[in-house]
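# generate a structure from the sequence data that follows.
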Amino acid sequence: MGPFGRIFFRLAGLGLGLTLLAAAGCFPTLEADFDSPAPAKRLDAIVDAAAHDDRSSIPPLIEMLDSDDPAERMLAFRALERISDGLTFGYRYADPEWQRQESINRWVEWAESESAGSPSSSGAQSDLGRSPAGAERAASSVQTTAIP
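Numbering: from 1, shown residues only. As a prediction, the model looks like this:
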């Protein structure tokens, strides 16, 4: 067997070995995670949080409002808007950083008041900071009683 034959069999053996390792799950797979090095997996984490109305994901979503990636900012904002029943605090993902910062600060204050169990977390929030659709949903969920 010549030198090319040996190289061929070594490469074939290496390929087979890598295939078996991959089939056995020995290579790490990236899962959806807010801290993932893969941008697509961070976006997956945002979508999962919104789909499940995951309130525990509010802090990392707020952090993502300040991301360098506009897609990450947009998805994080839409997830927060969904989880918070329409709150926006005037945030616009495409605004420059200095304009987004005031809205981000409002999101932080809101999240802190939510975790502290303030009266605003009981559903008696004003419509300040709500998108029109969110204000409409909040208004439709309020029950009124007639006073005789």
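# which phi and psi does residue 102 have?
phi -60, psi -40 (degrees, to the nearest 10).
# and the spatially closest residue to it that is not a sequence neighbour, how close does it get to residue 40?
Distances taken as Cβ to Cβ, 6 or more residues apart in numbering place residue 90 nearest to residue 102, at 7.5 Å, with adjacent residues excluded. Any C-beta I mention is one placed from the backbone N, CA and C, and that applies to glycine too. Here residue 90 is placed at a distance of 29 Å from residue 40 (Cβ to Cβ, to the nearest Å).
# likewise residue 46?
11 Å.
# which of these two has more neighbours?
residue 46 (24 against 11; other Cβ atoms under 10 Å).
# distance of the more buried one from residue 115?
Plainly put, residue 46 is 20 Å away from residue 115 if you go by Cβ to Cβ.
# before we move on, what about residue 80?
Residue 80 sits 14 Å away from residue 115, taking Cβ to Cβ as the criterion.
# so where do the helices sit in the protein?
Along the chain, the stretches classed as helices by DSSP state H are 3-23, 39-51, 58-64, 70-83, 97-116, 132-140.
# mean pLDDT for these: which is lowest?
Lowest mean pLDDT within the helices of the chain: helix 132-140, a mean of 47.
# just checking, the residue nearest to residue 102 touches residue 106?
Yes: with contacts counted by Cβ atoms under 8 Å, residue 90 reaches residue 106, the gap being 7.5 Å.
# residue contacts, residue 67?
73, 76 (Cβ atoms under 8 Å, 6 or more residues apart in numbering).
# phi, psi of it?
phi -70, psi 150.
# that one and residue 84: what is the separation?
Using Cβ to Cβ, we find residue 67 at a distance of 19 Å from residue 84.
# ok, residue 31 next?
25 Å.
# for residue 94, same thing?
On the measure of Cβ to Cβ, residue 94 and residue 84 end up 20 Å apart.
# which residue, other than its chain neighbours, is closest to residue 36?
Closest to residue 36 by Cβ to Cβ, 6+ apart is residue 42, at 5.2 Å.
# please look at the one you found and residue 31 and confirm they touch.
No: if you go by Cβ under 8 Å, residue 42 and residue 31 don't touch, sitting 11.1 Å apart.
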